[in-house]
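In: Take this sequence and fold it.
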Amino acid sequence: MDDHSPARVVVGHPGPEEEHGRGMSLVATLARAWGRRGTCTWCTVGTQALNSYEVGVR
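Out: Numbers count the residues shown, from 1 in each chain. The predicted structure follows:
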């Protein structure tokens, strides 16, 4: 991902009523690995589907 913004990306902690700020939290949760190169964020995701137990859905 690269949004061409000069700001570094951060994992946000938005409140339940916030409409923005969850993108990097999703990447950090779902990716096997992720990191930043300048303002570009990369991630590695698996190809095997996770069941609901593995992602904490009950």
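
In: Helices of the protein, start to end?
Out: 23-30 (DSSP state H).

In: Which stretches in this structure count as strands?
Out: 33-37, 40-44 (DSSP state E).

In: Flag every buried residue along the first one.
Out: Which is strand 33-37. residue 34 (16 or more other C-beta atoms under 10 Å). Bear in mind the C-beta positions are built from the backbone N, C-alpha and C, glycine included.

In: Within the sheet, what are the partner strands of that strand, with directions?
Out: strand 40-44 (antiparallel) (DSSP bridges).

In: list the buried ones in the strand it pairs with?
Out: Buried residues in strand 40-44 (16+ other C-beta under 10 Å): residue 41.

In: what pLDDT, on average, does it get?
Out: For strand 40-44, mean pLDDT is 86.

In: Offset the numbering so it begins at 48, please.
Out: Done: numbering now begins at 48, and the last item shifts to strand 87-91.

In: Helix 70-77 and that strand, what's the angle between them?
Out: Interaxial angle, strand 87-91 versus helix 70-77 (axes from the mean of the first three to the mean of the last three C-alpha atoms, to 10 degrees): 20 degrees.

In: quick revisit: same list (the strands of the chain) but as JSON lines, adding distance to residue 66.
Out: Shown next, in JSON lines, are the strands of the chain (distance: least, C-beta to C-beta, whole Å):
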{"stretch": "strand 80-84", "distance to residue 66": "23"}
{"stretch": "strand 87-91", "distance to residue 66": "21"}
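
In: Out of those, which is closest to residue 64?
Out: Proximity to residue 64 (C-beta to C-beta) singles out strand 87-91 among those, at 25.4 Å.

In: Can you name the residues in contact with that closest one?
Out: With contact meaning C-beta atoms under 8 Å, 6 or more residues apart in numbering, strand 87-91 is reached by 48, 49, 56, 71, 74, 78, 79, 80, 81, 82, 83.

In: Ok, stretch 70-84 next?
Out: Residues contacting stretch 70-84 (C-beta under 8 Å, 6+ apart): 48, 55-60, 88-93, 102.

In: Out of the residues you listed, which two sit at the greatest distance?
Out: The farthest-apart pair in the contacts of stretch 70-84, when distances are taken by C-beta to C-beta, is 55 and 102, at 27.1 Å.
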